[in-house]
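Participant: please find the sequence and the predicted model below.
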Amino acid sequence: MDTIASLFSFITTPVSWVIVQFHKLYGALFGDDTGWAWGLSIVSLVVLIRICLIPLFVKQIKSTRNMQVLQPKMKAIQERYKNDKQRQSEEMMKLYKETGTNPLSSCLPILAQSPFFFALYHVLSAIASGKTIGVIDQPLLDSARQAHIFGAPLAAKFMDSEEKVSALGASLTDVRVVTAIMIVMMSASQFFTQRQLMTKNVDLTVKTPYMQQQKMLMYVFPVIFAVMGINFPVGVLVYWLTTNVWTMGQQMYVINQNPTPGSKAQDQYLNRVLKSVTAHGEVRGRTRRNTVKRIVAKGPDRNDIERKFITGLGKLGLAAQEDGTVAKSEAAILEAEGGAAPKRQQPKRQTKAKRHTAATHSGAAKDSGSTGPESKTSLEKQDASQDDKPKPADKPAASGSSRQAKSGQRKGPQRPKHPSKK
């Protein structure tokens, strides 16, 4: 670790200068030789670095989402050109270029802050060895060596010997208890950050190897930090614990305000937006309006969660607009004016006997109406006039009428029965 830290020695002077400036501020409040003054100086260094890295973090979020979306296409390319690695690489680069995705963007925040991390490690190692470094002169070095955080010196490590810890004015038990607690907190924050990303901010409708890799990293990273943490000075543990807590809070904010489409976080977010619209009758906030605007622009390509949101607005009598606002739908306006058209109901299905009877009556009505268009005699009078006419006694009844009397029988000539059924 000392060899790696020495490679970033060019940045130790700026890092030590920033720490000294913050130490002057906190030293005036808590005392120059206190652990609060030096510890808060390291925390402030982390906050300053992470604020400068916010643009890179935004790129990391976009790159991670693009990689999740591209996983099915990447898998198809791998399957198609599995025997031609060169063509596979060319198609992958072409896909990245077309979509504007950089696979290394997800590692940019870690890569960008690694020089500061190793430079801080180099500074604290020099303090533990009693050597001046950067802008930290002998008086500041003596002050830093006297600073303790809950009884543990800033430059002490978990694996240090008792003689080395005693030289820094502390006991080995205090150093190991404090460092063990900080290592557990550092690993737990790393695990919770990765778990939050996997359980809430991943599109559950897409099952790709990328998700399996992220799930594996959720368990591997905390173990790596725990193993490496026993060789970190207390000051570096303060640095790394602070940056993990910052990452966790920053990611929590991004998940709540701009979740991945199709994820559990998007369902919770759109439910909050729907409740706000129900209470206020409008979409409040520019971020929420932009979200609704993107959902409207998708059209038929919306996922199930977004369709559920649009349906929820429809139940409120509202419709999402292209600018991200909501307005009353036409159905809601007609209902408010009292002119809503009644819903069309499907007619009940009639039995075969009723349909046959209705067809018989309609045929009789046509026969009666064919005598003349000017005839206005009612059906009752027509029946009475037909009763007055004498019926021939020897005329047999029509075979069709007997079949019509029996509902449910098929029209036309009947098929003769089989001799065995007579």
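Facilitator: That came through, no problem.
Participant: all strands for the chain, in order.
Facilitator: Per DSSP state E, the chain carries strands over the ranges 148-149, 152-153, 318-320, 326-328.
Participant: nearest to residue 233, of those?
Facilitator: strand 152-153 (8.4 Å; CB to CB). Using the backbone N, CA and C atoms, a C-beta is placed for each residue, glycine as well.
Participant: just so I know, which of the strands of the chain lies nearest residue 36?
Facilitator: So among these, strand 148-149 is nearest, using CB to CB, at 8.3 Å.
Participant: sorry, back to before: okay if I get the strands of the chain as TSV plus mean neighbour count?
Facilitator: As requested, the strands of the chain are exported to TSV (neighbours: other CB atoms under 10 Å):
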stretch	mean neighbour count
strand 148-149	21
strand 152-153	29
strand 318-320	20
strand 326-328	15
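Participant: quick one, which of these gets closest to residue 192.
Facilitator: Among these, strand 148-149 comes nearest to residue 192, with 22.9 Å by CB to CB.
Participant: quick check: mean pLDDT of that closest one?
Facilitator: Across strand 148-149, pLDDT averages out at 89.
Participant: pairing partners for it, with directions?
Facilitator: Next to strand 148-149 in the sheet, as set by DSSP bridges, lie strand 152-153 (antiparallel).
Participant: CSV for the strands of the chain, including distance to residue 230?
Facilitator: Shown next, in CSV, are the strands of the chain (distance: least, CB to CB, whole Å):
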stretch, distance to residue 230
strand 148-149, 17
strand 152-153, 13
strand 318-320, 54
strand 326-328, 56
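Participant: what about those strands, which gets the closest to residue 239?
Facilitator: Shortest distance between residue 239 and the strands of the chain, using CB to CB, is found for strand 148-149: 12.1 Å.
Participant: which other residues reach that closest one?
Facilitator: Strand 148-149 is contacted by residues 35, 39, 154, 169, 170, 178, 234, 238 when judged by CB atoms under 8 Å, 6 or more residues apart in numbering.
Participant: if you set the cut-off to 10 Å instead, what comes out?
Facilitator: Contact with strand 148-149 is made by 33-36, 38-39, 42, 154, 156, 168-170, 174-175, 178, 182, 234-235, 237-238, as judged by CB atoms under 10 Å, 6 or more residues apart in numbering.
Participant: which among those residues end up buried?
Facilitator: Listed as buried from the contacts of strand 148-149 are 34-35, 38-39, 42, 154, 156, 168, 170, 174-175, 178, 182, 234-235, 237-238; burial here means 16 or more other CB atoms under 10 Å.
Participant: surely residue 95 and residue 81 touch.
Facilitator: No - with contacts counted by CB atoms under 10 Å, residue 95 stays clear of residue 81, the gap being 12.0 Å.
Participant: pLDDT weak spots in the stretch 251-400 of the chain?
Facilitator: Within the stretch 251-400 of the chain, the stretches with pLDDT under 70 are 330-350, 352, 354, 358-400.
Participant: quick one, helices of it?
Facilitator: With DSSP state H, counting those that start in this stretch as the criterion, the stretch 251-400 of the chain has helices at 264-280, 286-298, 304-315, 330-336, 352-369, 379-388, 399-405.
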